[in-house]
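Trainee: Here is a sequence with its predicted model. Questions after.
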Amino acid sequence: MSRFYASIHGNRGEGTRQGSERSGIHGHVRGWNIGARVRCFVGTDGTDRVSVSITGGSNGSGKERYLGTFARTKGGRMVRLDGPERGRKVRKVEAVAEGV
């Protein structure tokens, strides 16, 4: 069993990939003018982490905007690990993307 797993679906069907603790896994899903880059990896404390950025898409327009790195606590809460809202419980995806 893999530590990380990714799937994507498009006009050519579905594709999947696996990532190990050592390799992690990352992807960039994009339209012409906007996209999202997601990276899954293991933190120094052994927990899974997810880093999310908004990009300029295939066109490469604009700068990449880093939204944050997230993890689950031992109690199961999802928290942001960095930035001005560090340690804040994430309630909704919309809360993460505010101001983009």
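Mentor: Alright, I've got the coordinates.
Trainee: Residue 52 is in contact with residue 35, correct?
Mentor: No - using Cβ atoms under 8 Å, residue 35 is not in contact with residue 52, being 11.4 Å away. No exception for glycine: its C-beta is placed from N, CA and C like everyone else's.
Trainee: now the farthest one out in this protein, which residue is it?
Mentor: No residue in the chain sits farther from the centre than residue 12, which is 23.6 Å out by Cα atoms, centre = their mean.
Trainee: Which pLDDT value goes with residue 94?
Mentor: Note on residue 94: pLDDT of 39.
Trainee: Also the one 3 residues further on?
Mentor: Turning to residue 97, the model gives it a pLDDT of 43.
Trainee: Start at 27, not 1
Mentor: Okay, using 27 as the starting number, the last item reads as residue 123.
Trainee: wait, isn't residue 67 in contact with residue 46?
Mentor: No - counting by Cβ under 8 Å, residue 67 stays clear of residue 46, with 10.5 Å between them.
Trainee: These two: which is more packed in?
Mentor: More crowded of residue 67 and residue 46, by other Cβ atoms under 10 Å: residue 67, with 18 against 11.
Trainee: ok, the residue nearest to that one when sequence neighbours are not counted - how many residues close by?
Mentor: In this structure, residue 67 finds its nearest non-sequential neighbour in residue 50, 3.8 Å apart by Cβ to Cβ, 6 or more residues apart in numbering. Using other Cβ under 10 Å, the number of residues around residue 50 comes to 16.
Trainee: Same question for residue 75.
Mentor: Residues lying near residue 75 (other Cβ under 10 Å) number 17.
Trainee: quick one: it and residue 52 touch, right?
Mentor: No - between residue 75 and residue 52 there is no contact under Cβ under 8 Å: 11.6 Å.
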